[in-house]
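> any chance you could fold what I've pasted below:
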Amino acid sequence: MDEIQKFVGRETLSISQAMQKIDLNTCGVLFIVDDKDTLLGCISDGDIRRFLLSGGHMTDLVSKAINLHPKTADSIETAKKIYHKKFTVAVPVIDKNKKIISIYTEDDIYVKTKGDLNIPIVINAGGKGTRLDPFTRVLPKPLIPVGELPIIEHIMKEYQSYNCNEFHIIVNYKRDLIKAYFADNENLYNIFWYDEEKPLGTGGGLSLLRGQFADTFFFANCDALLTANYESMVKFHKDNGNAITMVCAYKNLNIPYGVVEMGLNGKIEAMKEKPLMSFLANTGIYIVEPEVIDDIEDEVPIGFPDIVERERQKGRKVAAFPVSENDWMDMGQLSELEKMRIKLYGE
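You can find the predicted model right below:
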């Protein structure tokens with residue numbers, strides 16, 4: 001029963017708390033029960049994303065977003081048949097009172113299918129990686145190893161799993177080392193190189209690609225790896241007619257102190273003991289339309305978030321696509337390198 005509990009949550013959970021439980025069980029789903037342990041429904045990563053995009057909040061009760069008609073079984077044998085017949089990650093076995101008595105997952109058989117996107121990828125690999133000093137005094141950030149491969153190659157392989165094989169890489173700092181590394185792997189990747197002659201920030205380098213694209217492309221920093229569903233991101237971007245879609249991760253931060261809200265003359269207005277803060281963090285991964293490049297000046301340094309804001313002020317559609325924080329790995333800081341390695345390779 002202890003194992004079952006990681007797949008089960010109460011209807012009194014908030015969306016934020018449900019997301020944390022889903023991250024822990026790694027199956028992408030949580031079965032919701034009432035105070036009598038009766039199954040009410042289930043909620044997945046996709047259900048949460050749709051709820052938030054429709055105006056819901058992280059503090060709302062999970063009961064507002066659940067699927068009230070989950071697939072269930074009355075025996076393990078039936079659960080196996082449902083599992084293998086339909087695309088589902090977990091099937092609860094319930095008794096006549098709708099109480100969960102077992103859950104069938106079979107993780108070793110479940111394989112997440114990926115769509116065939118086949119769109120260009122632009123990677124900004126020109127920065128000095130000052131947050132990774134002193135490593136980046138020797139190696140450029142894209143070549144910092146995470147396990148058996150450098151971070152940039154992990155990123156490229158993730159895109160390749162969606163049949164995205166056209167890579168446009170902007171380089172500056174120690175660019176000869178980056179090019180030399182890929183010269184030994186030129187049969188694995190189709191790469192077009194763009195040399196920054198001076199630092200152009202996280203967005204200015206895109207001006208070097210003017211006229212290269214006729215349709216949608218991904219634009220990514222070289223220090224973040226995302227394992228979420230890229231197909232659903234692109235569909236969201238195109239369905240909404242966005243000029244830019246910023247992929248954002250929900251972060252949940254526990255404040256280890258009692259937090260006090262103060263009013264006039266020091267009057268205490270409210271107190272919260274060790275509150276949970278939830279917010280959206282920019283992953284540095286974007287889906288972009290080619291007309292955005294036309295608005296970027298040549299040889300002028302600019303951050304891509306500033307480009308996003310400028311496009312928003314012009315009236316173009318820009319939007320955020322939320323993903324779970326468990327799907328985002330950021331190696332921009334030394335403390336995160338080992339966490340990323342463990343996620344990719346295990347202990």
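
> in a strand, Ser102, correct?
Yes - residue state for Ser102 (DSSP: H, G, I helix; E, B strand; the rest coil) corresponds to a strand.

> helices of the stretch 1-150 of the chain, start to end?
Taking DSSP state H, counting those that start in this stretch as the criterion, the stretch 1-150 of the chain carries its helices at 2-5, 15-25, 45-53, 76-85.

> in the sheet, who's paired with Ile170?
Taking DSSP bridges as the rule, Ile170 bridges to Asn124, Tyr194.

> of all the helices of the stretch 1-150 of the chain, which one is nearest Gly263?
Nearest of the helices of the stretch 1-150 of the chain to Gly263, taken as CB to CB: helix 15-25 at 26.9 Å. In short, each C-beta sits where N, CA and C put it, glycine included.

> and the closest one with strand 100-104, angle?
50 degrees (axes from the mean of the first three to the mean of the last three CA atoms, to 10 degrees).

> my read: Val122 touches Leu206, true?
Yes - between Val122 and Leu206 there is a contact under CB atoms under 8 Å: 7.0 Å.

> got any residues that touch both of these two?
Residues touching both Val122 and Leu206 (CB atoms under 8 Å, 6 or more residues apart in numbering) are Ile170, Phe219.

> where is the longest strand in the protein?
Longest strand of the chain, by residue count under DSSP state E: strand 276-288.

> what comes into contact with the helix or strand following that one?
Moving toward the C-terminus from strand 276-288, the next helix or strand (DSSP states H and E) is helix 291-294. Helix 291-294 is contacted by residues Leu206, Ser207, Leu209, Arg210, Gln212, Phe213, Ala243, Ile244, Ile307, Glu311, Arg316 when judged by CB under 8 Å, 6+ apart.

> quick one: which of those residues sit in strands?
Among the contacts of helix 291-294, the ones falling in strands (DSSP E) are Ile244.

> among the contacts of helix 291-294, who's most crowded?
Neighbour counts for the contacts of helix 291-294 peak at Leu206, which has 27 neighbours (criterion: other CB atoms under 10 Å).

> my read: that residue touches Asp298, true?
No - the pair Leu206 / Asp298 is not scored as a contact, 10.6 Å apart, by CB under 8 Å.

> shaky segments in this protein?
Within the chain, the ranges that satisfy pLDDT under 70 run 1-2, 86-87, 106-114, 186, 332-335, 346-347.

> ok, 80 please
Along the chain, the parts satisfying pLDDT under 80 run over 1-3, 25-26, 84-88, 106-115, 129-135, 184-187, 331-347.

> residue contacts, the residue in it sticking out farthest from the centre?
Residue distances from the centre of the chain (CA atoms, centre = their mean) peak at Asn265, which lies 43.6 Å from the mean C-alpha position. If a contact means CB under 8 Å, 6+ apart, then Asn265 has no contacts.

> what of Thr88?
Thr88 touches Lys71, Ile82, counting by CB under 8 Å, 6+ apart.

> distance of it relative to Val318?
Using CB to CB, to the nearest Å, we find Thr88 at a distance of 34 Å from Val318.

> one more: Arg10?
From Arg10 across to Val318, the span is 37 Å (CB to CB).

> just flag the most distant two among the contacts of helix 291-294.
Longest distance between any two of these is 19.8 Å, between Gln212 and Arg316; criterion CB to CB.

> let me know the secondary structure of the closest residue to Ile268 other than its chain neighbours.
In this structure, Ile268 finds its nearest non-sequential neighbour in Val260, 5.9 Å apart by CB to CB, 6 or more residues apart in numbering. Counting by three-state DSSP, the backbone at Val260 sits in strand.

> next, count neighbours for Ser54.
Look at Ser54: counted by other CB under 10 Å, it has 8 neighbours.

> the one 3 residues further on too?
By other CB under 10 Å, the residues close to His57 number 12.

> what do you get for Tyr250?
For Tyr250, the count of nearby residues is 24 (other CB under 10 Å).

> that one: what's it in contact with?
Applying CB under 8 Å, 6+ apart to Tyr250 gives the contacts Ser16, Met19, Met58, Ser278, Phe279, Leu280, Ala281, Pro322, Val323, Ser324, Glu325.

> what do you get for Tyr162?
Tyr162 sits next to Lys114, Gly115, Asp116, Leu117, Asn118, Tyr230, Glu231 when contact means CB under 8 Å, 6+ apart.
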